[in-house]
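S.K.: Sequence plus the predicted model coming up.
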Amino acid sequence: MSKGFASSYRIVILGAGLFACFGGVAVRLVWLHVIDREALVKTIARTRQQMIVEQAKRGDIRDRNGAILATSHSRIVLGVDPTVVRPADLKELPKLAAMMGVPEKELRRLFLTKYGEPMAVRPVVAAGLPEGAVVFKRDNLARVGAPVDPLVAEAPGVARPSAAVVGAGDFDQDFDPVPDEEGRRVIRWAKISEGVSEELAAMVLKLGLKCLTTERVFRRVYPNNQLAAHVLGYVNRQQEPAAGVESYADFYLRGQNGWRVGERDGRNRELAQFNTRKVPPSDGYTVFLTIDTVVQDLVEQELAQIARKYEPLKASIIVSDPRSGFILGMANYPSFNLNEYNSVPKEETGRMRNVAITDVYEPGSVFKIVAAAGALEEKLAKAETTFDCAIDRIEYNGRVRKLPREDHNFGRLTVAEIIAHSSNRGAAQLAMALGDDRFYNYVLAFGFGRRLGFPVGGEQAGTVHPPKRWDGLTITRMPMGQSVACTVLQMHQAMSVLAADGVLLRPQIIRQIRDASLDMVYRYDRDEIGRAVSAKTAQTMARLLMAVATKEGTAPEAAIAGFDVAGKTGTAQKYVDGKPSNRHHIASFVGFFPAGRPQVVISVIVDDADHKAPGGVAYGSKVAAPSFKRIGERLIPILNIQASGQVTRPTVLAQAGVSR
């Protein structure tokens, strides 16, 4: 009797086949889950598990009134995964090229280049990330990977899987950790653009290209371009601060990046359902400066006018409040655009320096305030005390010293006249009355020869040699601003001593630190370095300096109608080939007003403007004093400066002992 199709032989063959299939599956499962489990788990950790960084927004920098000087804008880094490009995606390339402003040929290359050369990898410390996390750097590429065995990570030729961006926008391609069967590295990500706005990114995504990826980052923007460039500093492409407030206050500004742990599929798409841990980013704090944008703009306009008229080598202007030490405006010529810092030619990088605090110069006659104030403070002279300024030699400490030459033929001058007419020999005799050590101590007390603690820009200490290093002429030359070197800021603060009742204040540029909710974190207030002279001496000096901005003084060009101006001119010879030059000078005017109740101090220093100056010599009275006046006049309504019981000129001159 027939048993039909299902014979015993066929059943055995079928059963054996099924057993072999399921047995093979079972063996494979045992191999994967037991024998080779550790190696596979590591591979999965490398290829699927990701530490995804969420960038914090860098805090704003604002002026004292809240106007934004530096901020961060959200931008999208747009990339493509060439391994998942479809024929339909290639058809959309003309539209994408038109949207992005990128040549279609370049886009096609990015979309179709699937393989690249192997790249060496090195792990680095991942500060602020969970224990075990490693940041991998590949040339200028930085990505965060999941916790892995450092020994495996350091193996030659091992590349890490794609992950979240650290400093996104500073790399071009990402590679698959495992080569294909031909040993080629598979490109999983190629950058198309790093500065796409969110609106444009949304339009691009509407094209439906599944191969595109987006990553949100923040880019630093300076709305006013070069305004306060030397004060602010900038953030480079690697999101690292360079100089200025950006660098000094980076701890407050940078914020803390967030992160989340999750997985990505084979197409490098994040699988949100597998996210396990998340720490949100904490945005940076806002830094409020003492700078006033209106004052800063006014100062930079004046510098531009000086540059057009005189074509100097460089120039600096500082405006401050003597009551607090707060800097209201600080600028230099030449300057640069903060948004285009990387376009400054290599040979012109000096324009990026804040020369008001990094470069030193011989201050010239403005420095005479030190000897005069010291002699008055020590009661060695009064405003009406006279000195013989016609002599060219004088005995001092048992030796005959040669006095410096004068620009005019003077006879006997009172202390008031020495200041008003800027007598070199008079200043030398005032310093000699003090003696080497006392004069040197007053130079230090006025802030010279040391850093003042200005927080940004690489402040220099200048040069003031102690008396033991002086030669026979130093006591006659230093009082007139030679044999000493200072920064513009130091000279500015020295004059501010007389406007602040004899106290040397620390120059301040930061006013407040506020958090993301604008709640106060820290506040900077008036900071006294020390007392240089008494309030009485400072007020006497202010009265004497008022005579400078009169017809009898050296700078009538600095006079401001309706206000008493106290100040001093300077015309310092520069050294060329080791010798003082008669054709190269540094012109300066440093002063304050109203003299009776000072509300603003202004310094104008112009370097090497002789070739365009009247008569071929850049005198402080002709080059710098007019700028002081223009700035002062425009500041009156801006700062609401009020005249303080104005004293008439004849009375002032009589009090100062000026009779001519």
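M.R.: Yep, it's here. Numbering: from 1, shown residues only.
S.K.: Low-confidence bits of the stretch 101-250 of the chain, can you list those?
M.R.: Confidence mapping of the stretch 101-250 of the chain against pLDDT under 70 gives the ranges 116-184.
S.K.: could you pull out the strands for it?
M.R.: 115-116, 122-124, 134-138, 141-145, 173-175, 185-196, 212-221, 234-235, 241-242 (DSSP state E, counting those that start in this stretch).
S.K.: Ok, the stretch 301-450 of the chain next?
M.R.: Using DSSP E, counting those that start in this stretch, the strands of the stretch 301-450 of the chain run over 314-321, 326-333, 386-388, 393-396, 399-402, 412-414.
S.K.: State the distance from Leu207 to Gly530.
M.R.: Computed as Cβ to Cβ, to the nearest Å, the Leu207 to Gly530 distance reads 67 Å. To be clear about C-beta, it is placed using only N, CA and C from the backbone, and glycine gets the same treatment.
S.K.: which parts of the lengthiest strand in the chain are buried?
M.R.: Using DSSP state E to define each element, the chain has its longest strand at strand 579-593. The neighbour-count check on strand 579-593 (16 or more other Cβ atoms under 10 Å) flags 584-593 as buried.
S.K.: swap in stretch 323-337?
M.R.: For stretch 323-337, by 16+ other Cβ under 10 Å, it's 323-336.
S.K.: How about stretch 424-442?
M.R.: 424-436, 438-440, 442.
S.K.: what's the answer for stretch 403-423, then?
M.R.: Under 16+ other Cβ under 10 Å, the buried positions of stretch 403-423 are 403-404, 406, 410, 413-423.
S.K.: Same check on stretch 84-100?
M.R.: 84-85, 89, 92-93, 96-97, 99-100.
S.K.: do stretch 61-81 as well
M.R.: Counting neighbours by 16+ other Cβ under 10 Å, stretch 61-81 gives 61-64, 67, 69-72, 75-81 as buried.
S.K.: before we move on, what about stretch 615-629?
M.R.: Applying 16+ other Cβ under 10 Å to stretch 615-629 flags 617-629 as buried.
S.K.: Same check on stretch 379-398?
M.R.: 380-381, 383, 385-387, 389, 394, 396.
S.K.: That one: end-to-end distance?
M.R.: 23 Å (Cα to Cα, to the nearest Å).
S.K.: Could I get the contacting residues of Glu54?
M.R.: Applying Cβ atoms under 8 Å, 6 or more residues apart in numbering to Glu54 gives the contacts 164, 257-260, 280-281.
S.K.: now Gly411, nearest residue through space, not along the chain?
M.R.: Ala390 (5.1 Å; Cβ to Cβ, 6 or more residues apart in numbering).
S.K.: show me where the stretch 201-350 of the chain has helices.
M.R.: Using DSSP state H, counting those that start in this stretch, the helices of the stretch 201-350 of the chain run over 229-232, 244-248, 250-253, 293-310.
S.K.: chain center to the longest one, what's the gap?
M.R.: Looking back up the chat, that one is helix 293-310. With Cα atoms, centre = their mean, to the nearest Å as the basis, helix 293-310 stands 20 Å off its chain's centre.
S.K.: which other residues reach that helix?
M.R.: 63, 65, 67, 69, 224, 226-228, 312, 315, 317, 319, 328-335, 604, 606, 609, 612-613, 618, 623, 627, 630-631, 634-635, 638-639.
S.K.: Direction included, what does the longest strand of the chain pair against?
M.R.: strand 566-576 (antiparallel), strand 600-607 (antiparallel) (DSSP bridges).
S.K.: just those: most buried one?
M.R.: The highest mean neighbour count among these, using mean count of other Cβ atoms under 10 Å, belongs to strand 600-607: a mean of 28.
S.K.: after that one comes which helix or strand?
M.R.: Downstream of strand 600-607, the next assigned helix or strand under DSSP states H and E is helix 620-623.
S.K.: related to what we said a few turns ago, out of the strands of the stretch 301-450 of the chain, which gets nearest to Thr214?
M.R.: strand 326-333 (39.8 Å; Cβ to Cβ).
S.K.: any idea how far the closest one is from the chain center?
M.R.: With Cα atoms, centre = their mean, you get 13 Å for strand 326-333.
S.K.: Same check on stretch 23-37?
M.R.: 61 Å.
S.K.: In PDB, could you pull the C-alpha coordinates for that stretch?
M.R.: The C-alpha trace of stretch 23-37 is given here as PDB (Å, rounded to 0.1, in the frame of the first residue of the first chain):
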ATOM      1  CA  GLY A  23      21.000  24.600  14.700                       C
ATOM      2  CA  GLY A  24      23.100  27.100  12.700                       C
ATOM      3  CA  VAL A  25      20.900  29.900  14.000                       C
ATOM      4  CA  ALA A  26      21.400  28.600  17.600                       C
ATOM      5  CA  VAL A  27      25.100  28.300  17.100                       C
ATOM      6  CA  ARG A  28      25.300  31.800  15.700                       C
ATOM      7  CA  LEU A  29      23.200  33.200  18.600                       C
ATOM      8  CA  VAL A  30      25.500  31.500  21.100                       C
ATOM      9  CA  TRP A  31      28.500  32.900  19.200                       C
ATOM     10  CA  LEU A  32      27.100  36.400  19.200                       C
ATOM     11  CA  HIS A  33      25.700  36.500  22.700                       C
ATOM     12  CA  VAL A  34      28.300  34.400  24.600                       C
ATOM     13  CA  ILE A  35      31.500  33.800  22.800                       C
ATOM     14  CA  ASP A  36      32.000  37.100  20.900                       C
ATOM     15  CA  ARG A  37      29.800  39.200  23.100                       C
END
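S.K.: can you start the count at 39 instead of 1 from here on
M.R.: In the new count, where the first residue is 39, that last one comes out as stretch 61-75.
S.K.: tell me the mean pLDDT for it?
M.R.: Stretch 61-75 carries an average pLDDT of 79.
S.K.: Please apply the same query to stretch 102-119.
M.R.: Rounded mean pLDDT across stretch 102-119 is 91.
S.K.: And stretch 602-614, by the same measure?
M.R.: 94.
S.K.: In contact with Ile456, which residues are there?
M.R.: 406, 410, 425, 427, 464-465, 468 are the contacts of Ile456 under Cβ under 8 Å, 6+ apart.
S.K.: and of those residues, the nearest to Asp509?
M.R.: For the contacts of Ile456, the nearest to Asp509 is Ala465 (18.0 Å; Cβ to Cβ).
S.K.: hang on, the closest one packs against Val404?
M.R.: No - between Ala465 and Val404 there is no contact under Cβ atoms under 8 Å: 11.1 Å.
S.K.: can I get the strands paired with strand 617-631 in CSV with distance to Leu583?
M.R.: What follows is these, written out as CSV (distance: least, Cβ to Cβ, whole Å):
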stretch, distance to Leu583
strand 604-614, 4
strand 638-645, 12
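S.K.: Run through the residues that contact Val398.
M.R.: Val398 makes contacts with 498, 500-501, 523-525, as judged by Cβ under 8 Å, 6+ apart.
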